[in-house]
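>>> just coords:
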């Protein structure tokens, strides 16, 4: 490969390559400029052999826990690293059945050519004997002592050289590089003494580079998680009464809960709802929380995770609901068009989504609706599989529910549905949902535990102020 100055007034070079009798200009292929004392070459120009590993003759291989190492692409960890922690091993007979060219030698350069492409390593004497499969290419230099092997590894890992390699990959089920791509790979070659100086300087800088990489990884992870962490923090502040100031003129939440209790008793008397089997009342005595359930009083100080304002109240989720039920436990008969039938997958994004739901007949819907009757403003809650995701019903369209979704009905003049939505999404409730979701595979948050979830209720006016503040702050989180 030769280079010529374009003219006496231009410092740029024209690069030419001779293949047989043909000489062609390859200036547009050269990835970057190099010093005058350096030269560009292709990997094949300094190699006596460029091949790839192979599977031993005889077909299937019985791998061993020890023996002669058999490299796969995942064992070539990058730069000059071989990861032997998950190495396969073969016996001597299998090793001897390898093609002679694919048995590795000291100072061979390895480049992965299938799966994760372009990772490199040097074969050291202590690694031998060693073989490789066809996902690993083997580069054997003409005279390895004429080059600093670590410099060649550094050059192969340079971003622009890696880009040249991997952009030419063959798009197949498993992306791969051909031996032709490896052979034609450009290498910038400085004098040997300078190669050694470059390697020495990189080794000197490597601890700082590794520390920078670690810090960069941590920063990237923080940037990815920070918006969601901030949202959780906002919701946590909200349910602790710290997001907006309290207004002494607000009717206390204790009065609100008494109103809910009176309304529930009226509905029970009228036969419209059933009486709670385990009615709960939470109160404080000497600033210590107690609960009365089934006529028995107990201290629940160990369950209450934080203090709340005096105008707020602790209670169980079931205490504020007129109805807590779930969808049908039997699979209905699906039809092509009809009434939407909603399961956990249709609300798991946090929105009620009819785009991919199934359908049932109106007659079957009417039967199911007698027990489970979702209406505008109610809250749906995922309880099987992906649990703890609340959704406000924001449509008057008719639909029915499967068992994987719970229905929460309440007096929307006393409990603001958007506050209840944010309350369920807060760490306070999500922690309880995670702890109480049981089972293996298709996990379940059972109705009893949902009803028993501990929640913090502010006055109704403060609920609205909290929601307004949350919605204001969430806009900034979304911009992050």
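Looks like it arrived, so ask away. Remember, predicted model here, so these are calculated numbers, not experimental data. Numbering: from 1, shown residues only.
>>> Quick one: distance of stretch 121-134 to the chain centre.
How far stretch 121-134 lies from its chain's middle: 35 Å, per Cα atoms, centre = their mean, to the nearest Å.
>>> Which residues does it contact?
52-56, 68-73, 76-82, 90, 95, 98, 102-110, 114, 138, 149-150, 153 (Cβ atoms under 8 Å, 6 or more residues apart in numbering). Bear in mind the C-beta positions are built from the backbone N, C-alpha and C, glycine included.
>>> Give me the subset of those residues lying in helices.
Of these, the ones assigned to helices by DSSP state H are 95, 149, 150, 153.
>>> Which one of those is nearest to residue 442?
Of all the ones in helices among the contacts of stretch 121-134, residue 442 sits closest to residue 95, with 47.8 Å by Cβ to Cβ.
>>> What about the nearest residue to the closest one once chain neighbours are set aside, how many residues nearby?
Using Cβ to Cβ, 6 or more residues apart in numbering and skipping the chain neighbours, the partner closest in space to residue 95 is residue 68 (4.6 Å). Neighbours of residue 68 under the rule other Cβ atoms under 10 Å: 19.
>>> now residue 68: how far from residue 176?
Counting by Cβ to Cβ, to the nearest Å, the gap from residue 68 to residue 176 is 25 Å.
>>> Contacts only, for the residue nearest to residue 95.
Per Cβ under 8 Å, 6+ apart, neighbours of residue 68: 89, 90, 91, 92, 94, 95, 129, 130, 131.
>>> distance of it from residue 127?
11 Å.
>>> got a list of what residue 342 touches?
Contacts of residue 342 by Cβ under 8 Å, 6+ apart are 327, 352, 354, 357, 380, 399, 400, 401, 402, 405.
>>> List the ones among the residues you listed that fall in strands.
Among these, the members falling in strands (DSSP state E) are 380, 400, 401, 405.
>>> is it true that residue 52 touches residue 114?
No: taking contacts as Cβ atoms under 8 Å, residue 52 lies outside contact range of residue 114: 9.0 Å.
>>> shared neighbours, the two?
Contacts common to residue 52 and residue 114, judged by Cβ under 8 Å, 6+ apart, are 134, 135.
>>> Out of the helices and strands in this protein, which is least certain?
The weakest-scoring helix or strand in the chain, judged by mean pLDDT, DSSP states H and E, is strand 2-7 (a mean of 58).
>>> and after that strand, which helix or strand comes next?
As assigned by DSSP states H and E, the chain's next helix or strand after strand 2-7 is strand 10-19.
>>> Show me what the mean pLDDT comes to for that next one.
Averaging pLDDT along strand 10-19 gives 77.
>>> do the same with stretch 112-126
90.
>>> How far off centre is that stretch?
On Cα atoms, centre = their mean, the centre of stretch 112-126 falls 28 Å from that of its chain.
>>> Any buried residues in it, and which?
112, 113, 114, 117, 118, 119, 120, 121, 122, 123 (16 or more other Cβ atoms under 10 Å).
>>> got it, and stretch 385-405?
Quick answer for stretch 385-405 (16+ other Cβ under 10 Å): 385-393, 399-405.
>>> quick one: which of the residues you listed is nearest residue 209?
residue 386 (40.8 Å).
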